[in-house]
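> Could you work out the structure for the sequence below:
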Amino acid sequence: MALETRLYQKLSQQLVMTPQLRQAIKILQVSRAELEELIDQELTENPALEEEIGLRSEEDEQRPRTEENLETQPTESPDAWDESPDAQRETTSEVAPESPTGEIDWKEYLENYRNDWQGATATPADYDEDKRPALENTLVRSSSLTEHLIWQLRMAGLTPLEESVAALMIGNIDEAGYLRVPIEDIAFQCGQDIEIVERTLARIQELDPPGVGARDLRECLLLQLRYDGQGDSLAARVVADHLVLLESKRYDKIAKELNVPVEEVVTAANTIATLEPKPGRNFGEGDIRYITPDVSVQKVDGEFVVTLNEEGLPRLRVSSFYRNVLGNQETSDAKRYIQEKMRAAAWLIKSIHQRQRTLFMVTSSIVKFQRDFLERGISHLKPLVLKDVAMDIGMHESTVSRATANKYVHTAQGIYELKFFFTSSLNRSDGGEDVSAESVKERIRGIISAEDARQPLSDQHIAQMLAKEGVDIARRTVAKYREMMAILPSSKRRQVY
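Presented below is the predicted three-dimensional model:
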């Protein structure tokens, strides 16, 4: 068969990720805080997008966002801006005046246009110092550990040579307050003797917070004991020589090696437990980000009602002013620019509305599956996967996954991430209905909290207790769940009184 070149036509369909589709996917999966930032950015960059202010009645503000409200919310088609400008023209009091030639007199418009925040009635009294917020209500940035140490260093009375070495060491102290760089490396970097570096390090370790500048946990605890005047106490001896045994709570062996009663070792261990293993953790933590639920579930007349939380989210609209500008504009470049901005504004509004509608449908489906949890608590949480919700609402699993990412719901049981309700299942040995992994974790937590602290239960013993309750679970699974809940093993949970 001879090889030859031919031309032929082929008709096929394929999904193309347009910028509008990418934006819709991004808006669907972002958190509430990120959505607010995205809206603020679009309001700043897109002149055709504006916020509705003072246009809604009190009934509209207080009306919950339910499925009926989402269905009836008007949306503007982004393709409408490709039609004749005359069809989009609306009357407004803030339309720029036209010159005899038909062009917009922007100079006159800007001179007569009044900003709401800087009106003609503004007086110097509006900027009075007494009207400013109180100083205690002003947000401030907390100082970092490095800034706190340098501030103390300036008053420590060090020589210029020691200050340069100390500045280098402070720059190598991590967020926990530990010096992770060897002394030899610091001496090499600053070109000084090790004796000078060690002497400077000793001065840094005298600064606040106690324990800062330590090179390991043992040194950190000893510095704090020395700061409290317990440098020669039994607690200091335990930390210096028996820290590994202390971690395993082998109090009897520590008492035998130190030739002291077990009660005194227990008292020393309690003293050590009050020390801070990470002295730098209280500095530079950054701003506290509070969780704002995206949706609320409340029980009304025996039925659970899903309500979207739209407080703080501005209601957007396409600027009517730019619609009139589009009708009066004859220049093709300016007209094309305004059409592009108005189309982008309409797409954003539609994407946000679609996000809220999808979130409402997904939450309503989760409520349908997890009704027992909402009424009785986490022990009645049922196994659930993305496919179950996707089939229930007629959407793809990836859409459900994006809709539940970084979203929180407020229920009578508390505030939970929507991802929390999707858990794997464990079989029951008695052939009953499968149980969720989260309910098993809660049961393990309850068993451990009720155990005798002198004789803590092993993972094997806990697995046997769950097997008697009909839960088919292995010891390794119990250990995995226990580690996920940050619970120590039985050897480290033992208490000596």
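> gap between residue 473 and residue 148?
48 Å (CB to CB, to the nearest Å). For the C-beta atoms, the positions are set from N, CA and C on the backbone; glycine is no exception.
> right, I mislabeled it, should have said residue 282
Using CB to CB, one obtains 10 Å as the distance from residue 282 to residue 148.
> Looking at these two now, which is surrounded by more residues?
residue 148 (20 against 13; other CB atoms under 10 Å).
> Now do the strands in this structure.
Per DSSP state E, the chain carries strands over the ranges 49-51, 295-300, 303-308, 316-318, 408-411, 414-417, 425-426, 435-436.
> any chance of these in CSV, with mean neighbour count and mean pLDDT too?
Listed next are the strands of the chain as CSV, based on neighbours: other CB atoms under 10 Å; pLDDT from 0 to 100:
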stretch, mean neighbour count, mean pLDDT
strand 49-51, 17, 87
strand 295-300, 16, 92
strand 303-308, 17, 92
strand 316-318, 20, 87
strand 408-411, 20, 93
strand 414-417, 14, 92
strand 425-426, 17, 82
strand 435-436, 24, 86
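> can you tell which of the ones you listed is closest to residue 251?
For these, proximity to residue 251 was assessed by CB to CB; strand 425-426 is nearest, at 37.0 Å.
> if we can go back for a sec, would you format the strands of the chain as JSON lines with distance to residue 372 included?
Rendered in JSON lines, the data for the strands of the chain read as follows (distance: least, CB to CB, whole Å):
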{"stretch": "strand 49-51", "distance to residue 372": "42"}
{"stretch": "strand 295-300", "distance to residue 372": "13"}
{"stretch": "strand 303-308", "distance to residue 372": "12"}
{"stretch": "strand 316-318", "distance to residue 372": "39"}
{"stretch": "strand 408-411", "distance to residue 372": "12"}
{"stretch": "strand 414-417", "distance to residue 372": "15"}
{"stretch": "strand 425-426", "distance to residue 372": "15"}
{"stretch": "strand 435-436", "distance to residue 372": "11"}
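> out of these, which comes closest to residue 368?
Minimum separation from residue 368 across the strands of the chain (CB to CB) falls at strand 303-308, 8.7 Å.
> any low-confidence regions in the stretch 1-150 of the chain?
Judged against pLDDT under 70, the low-scoring parts of the stretch 1-150 of the chain cover residues 1-2, 54-141.
> The stretch 201-350 of the chain now?
Along the stretch 201-350 of the chain, the parts satisfying pLDDT under 70 run over 284-289, 327-331.
> Which stretches in it count as helices?
Listed in chain order, the helices of the stretch 201-350 of the chain (DSSP state H, counting those that start in this stretch) span residues 217-227, 234-241, 243-247, 251-258, 262-273, 320-328, 332-369.
> can you redo the ones you listed as TSV with distance to residue 486 and mean neighbour count?
Rendered in TSV, the data for those read as follows (distance: least, CB to CB, whole Å; neighbours: other CB atoms under 10 Å):
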stretch	distance to residue 486	mean neighbour count
helix 217-227	18	20
helix 234-241	23	20
helix 243-247	16	14
helix 251-258	23	17
helix 262-273	16	17
helix 320-328	55	19
helix 332-369	27	19
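> Just tell me which of these ends up closest to residue 379.
Going through those one by one, with CB to CB as the measure, helix 332-369 comes closest at 16.0 Å.
> any idea of the angle the closest one forms with helix 320-328?
Taking axes from the mean of the first three to the mean of the last three CA atoms, to 10 degrees, one finds that helix 332-369 is oriented at 140 degrees with respect to helix 320-328.
> Name the residues of stretch 380-388 that are buried.
By neighbour count, and taking 16 or more other CB atoms under 10 Å as the criterion, the buried residues in stretch 380-388 are 380-384, 386, 388.
> I meant stretch 14-28, not that one.
Neighbour-count burial for stretch 14-28, counted by 16+ other CB under 10 Å, picks out 20, 23-25, 27-28.
> Repeat that for stretch 151-168.
When neighbours are counted by 16+ other CB under 10 Å, the buried residues of stretch 151-168 are found to be 152-153, 158, 162-163, 165-168.
> Now, these that are in helices?
Using DSSP state H to define helices, the subset of those located there is 152-153, 162-163, 165-168.
> Residue 43: how many residues sit nearby?
Residue 43: 16 neighbours (other CB under 10 Å).
> do the one 3 residues further on as well
Close neighbours of residue 46, defined as other CB under 10 Å, add up to 19.
> which residues touch it?
Residues touching residue 46, when contacts are defined by CB atoms under 8 Å, 6 or more residues apart in numbering, comprise 341, 344-345, 348.
> One more pass at 7 Å, please.
If a contact means CB atoms under 7 Å, 6 or more residues apart in numbering, then residue 46 has 341, 344-345 as its contacts.
> Equivalent analysis for residue 396, please.
For residue 396, the contacting residues are residue 390, taking CB under 7 Å, 6+ apart as the criterion.
> Can you tell me how far residue 144 is from residue 171?
According to CB to CB, residue 144 stands 12 Å off from residue 171.
> If you count surrounding residues, which of the two has more?
Each of residue 144 and residue 171 has its neighbours counted (other CB under 10 Å); residue 144 has more, 15 against 12.
> just wondering, since we're on the more buried one, how far is it from residue 179?
Plainly put, residue 144 is 16 Å away from residue 179 if you go by CB to CB.
> Tell me which residues of stretch 418-432 come out buried.
Neighbour-count burial for stretch 418-432, counted by 16+ other CB under 10 Å, picks out 418, 420-423, 425-426.
> hmm, back to that, pick the one among the buried residues of stretch 380-388 closest to residue 276.
Scanning the buried residues of stretch 380-388 for proximity to residue 276, where the rule is CB to CB, the winner is residue 381, at 36.4 Å.
> Ramachandran angles for that closest one?
Phi and psi for residue 381, reported as degrees, to the nearest 10, are phi -70, psi 130.
> in terms of contact, does it touch residue 439 like I think?
Yes. Shown here, residue 381 and residue 439 form a contact pair, counting by CB atoms under 7 Å, at 4.9 Å.
> returning to that earlier point: go through the contacts of residue 46 and name the one nearest residue 295.
Within the set of the contacts of residue 46, residue 345 lies nearest residue 295; the separation is 25.7 Å, counting by CB to CB.
> Nearest spatial neighbour of the closest one, chain-adjacent residues omitted?
Of all residues beyond its chain neighbours, the one nearest residue 345 is residue 49 (3.9 Å), with distances taken as CB to CB, 6 or more residues apart in numbering.
> again with residue 223
Counting by CB to CB, 6+ apart, the residue nearest residue 223 is residue 211, at 4.7 Å.
> what's the burial count for the one you found?
26.
> List the contacts of it.
Residue 211 neighbours (CB under 7 Å, 6+ apart): 177, 220, 223-224, 276, 279.
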